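Trainee: No sequence on hand, only this structure:
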């Protein structure tokens, strides 16, 4: 028993095959209930008179793609997705009223009905906050938020909580904290840890807290933590490097295997030879985001992560080998350099967030590993 129904459409609403396509394009457009509710909420402010105008067809494509989408936030009215629909629906309402201009009583009745429906709907939406006394009084902690955001300099790169980000967009490059497509290693992070769950996005409280710690481990320092607002700064301490340097660890230095000038050669730790021979000097080329491209003084190739000297891909994750490649400007060739309290430096990959890591004994390969609270093989000297 318990057949799947039309081509794999079960009672739970699962879809598959041709039947699934038919289901999604028919019943699936008005179920679950939230979709039907949205349709009513879009048309009710016109007392449904908009349906008597051909202009209402202009709204149909937007409704179809929203209701057919897999993202549930598109189905309801809790966000801004009806913004493009309502002008169309009210234009249809006006056209339908104009068609009844010789029926004054009917027009007045529809206008009164539409106004009444709108008045009943207003308390369900943020517009209602305009008549709430609390809207016009600043909470004491808002002064803290403004003071902390004023610490962020103009032109900086920032990740911020969703309701703080708009306050900075006129003077900084801003992304949403925790949203992966955003800038991964901004100069500043400002978060409201007390954001209520109902309006928190894109991270839950627990995930947000873990993410802040993830950045702290990677060299970010706490500038402030007050009344729920957390401000972190990238921990380069104003460091600006230029020219050529030797990158060392435990008396050995970073260099291409055998001093090779070959594109794709693995980088290793080797004995210091002095001079420019052996490719032991690296030019530090600062990028707009504060990271560095590390360019070998002999080969002119950049420190990168990926395909190893034998041509086998080691991948971008923890344990991947570090190599030299033709300088292309991709993120895997950019590194944040963070001073440590002991005088050493961390090199953090912009693309992965992992640290440049040397072998702890003897000459050997150099790779990238996750940051684990100052892992010994991750602190380098710059000479």
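Mentor: Structure's in. What do you need? Worth saying up front: this structure is predicted, and the values here are computed from it rather than measured. Numbers count the residues shown, from 1 in each chain.

Trainee: what's the neighbour count on residue 128?
Mentor: 12 (other Cβ atoms under 10 Å). C-beta here means a position set from N, CA and C on the backbone, and glycine is covered the same way.

Trainee: So it: helix, strand or coil?
Mentor: What DSSP: H, G, I helix; E, B strand; the rest coil gives for residue 128 is helix.

Trainee: list the contacts for it?
Mentor: residue 122 (Cβ atoms under 8 Å, 6 or more residues apart in numbering).

Trainee: let's number from 10 now, not from 1
Mentor: OK, 10 is where the count begins now, so the last one is residue 137.

Trainee: For residue 143, see how far away it is.
Mentor: Residue 137 is 12 Å from residue 143, where distance means Cβ to Cβ, to the nearest Å.

Trainee: same question, residue 45
Mentor: Using Cβ to Cβ, we find residue 45 at a distance of 33 Å from residue 143.

Trainee: Who has more neighbours out of the two?
Mentor: The neighbour count for residue 45 versus residue 143, taken as other Cβ under 10 Å, is higher for residue 45 (14 against 8).

Trainee: Might one say that the more buried one is in contact with residue 39?
Mentor: Yes. At 5.1 Å, residue 45 and residue 39 qualify as touching, with contact defined as Cβ atoms under 8 Å.

Trainee: now stretch 143-159: how far from the chain's centre is it?
Mentor: 25 Å (Cα atoms, centre = their mean, to the nearest Å).

Trainee: again, but for stretch 165-175
Mentor: How far stretch 165-175 lies from its chain's middle: 11 Å, per Cα atoms, centre = their mean.

Trainee: tally of neighbours for residue 181?
Mentor: 20.

Trainee: ok, now which ones touch it?
Mentor: Residue 181 neighbours (Cβ under 8 Å, 6+ apart): 161, 163, 164, 165, 166, 167, 197.

Trainee: now with 6 Å?
Mentor: Shown in contact with residue 181 (Cβ atoms under 6 Å, 6 or more residues apart in numbering): 165, 167.

Trainee: Distance-wise, check it relative to residue 159.
Mentor: Taking Cβ to Cβ, one finds residue 181 at 12 Å from residue 159.

Trainee: what's the answer for residue 311, then?
Mentor: Per Cβ to Cβ, residue 311 is found 37 Å from residue 159.

Trainee: Could you check which of these two is surrounded by more residues?
Mentor: Higher neighbour count among residue 311 and residue 159: residue 311, with 25 against 8, using other Cβ under 10 Å.

Trainee: quick one: that one and residue 342 touch, right?
Mentor: Yes. Look at residue 311 against residue 342 with Cβ atoms under 6 Å: they come within range, at 4.4 Å.

Trainee: shared neighbours, the two?
Mentor: Each of residue 302 lies in contact with both residue 311 and residue 342 under the rule Cβ under 6 Å, 6+ apart.

Trainee: what about residue 274, neighbour count?
Mentor: Burial measure for residue 274: 22 neighbouring residues, criterion other Cβ under 10 Å.

Trainee: ok, it touching residue 266?
Mentor: Yes. Between residue 274 and residue 266 there is a contact under Cβ under 6 Å: 5.3 Å.

Trainee: Now list whatever residues contact both of these two.
Mentor: Shared contacts of residue 274 and residue 266 (Cβ under 6 Å, 6+ apart): none.
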